[in-house]
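**Student:** Could you work out the structure for the sequence below:
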Amino acid sequence: MREVREEAGVLARPDILLGQLPAGDGTSAIYLMRFEGESAPGERAMTWLPYERARDALAFEESRALLAQAHQLGSDHEDH
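**Tutor:** Residues are numbered from 1 along each chain as shown. This next block holds a predicted model:
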């Protein structure tokens with residue numbers, strides 16, 4: 001979760017493991033996270049996008065699939 005805070009300036013806690021993506025010589029775990037607030041500005045610009053615009057902004061199909069999974073889980077959670 002350090003990367004989320006340092007790179008995006010976001011405080012969040014992991015909620016659900018969505019999967020893993022190749023990263024360098026290993027893999028990176030990808031979580032659906034719960035936003036808790038903002039920290040100091042991160043290394044990268046932070047932009048909040050609605051689902052459709054976020055999906056269209058992603059370059060890789062694997063990332064779009066994980067986003068779709070997170071979106072579905074988030075929608076399911078809001079219904080309860």
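**Student:** Contacts for the lowest-mean-pLDDT helix or strand in the chain, please.
**Tutor:** Lowest mean confidence among the helices and strands of the chain (mean pLDDT, DSSP states H and E): helix 2-3, at a mean of 80. With contact meaning C-beta atoms under 8 Å, 6 or more residues apart in numbering, helix 2-3 is reached by no other residue. Quick note: C-beta positions are derived from backbone N, CA and C, even for glycine.
**Student:** could you say what helices and strands whichever strand or helix holds Leu11 packs with?
**Tutor:** When elements are assigned from DSSP states H and E, Leu11 belongs to strand 10-23. When contacts are defined as 3 or more C-beta pairs under 8 Å, 6 or more residues apart in numbering; DSSP states H and E, strand 10-23 packs onto strand 26-38, helix 61-78.
**Student:** can you pull the buried residues of the last one?
**Tutor:** Across helix 61-78, burial judged by 16 or more other C-beta atoms under 10 Å covers Leu66, Leu67, Ala70.
**Student:** Check stretch 49-65 too.
**Tutor:** For stretch 49-65, by 16+ other C-beta under 10 Å, it's Ala54.
**Student:** For the most centrally placed residue in the chain, which residues count as its bridge partners?
**Tutor:** When C-alpha atoms, centre = their mean is applied to the chain, the residue found nearest the centroid is Leu32 (6.0 Å). When assigned by DSSP bridges, Leu32 has beta-bridge partners Ile16.
**Student:** residues in contact with it?
**Tutor:** Pro14, Asp15, Ile16, Leu18, Ala70, Leu73, Gly74.
**Student:** List the buried residues in the strand holding Leu11.
**Tutor:** Val10, Ala12, Leu18.
**Student:** Equivalent analysis for stretch 29-37, please.
**Tutor:** Neighbour counts over stretch 29-37 (16+ other C-beta under 10 Å) mark Ile30, Tyr31, Leu32, Met33 as buried.
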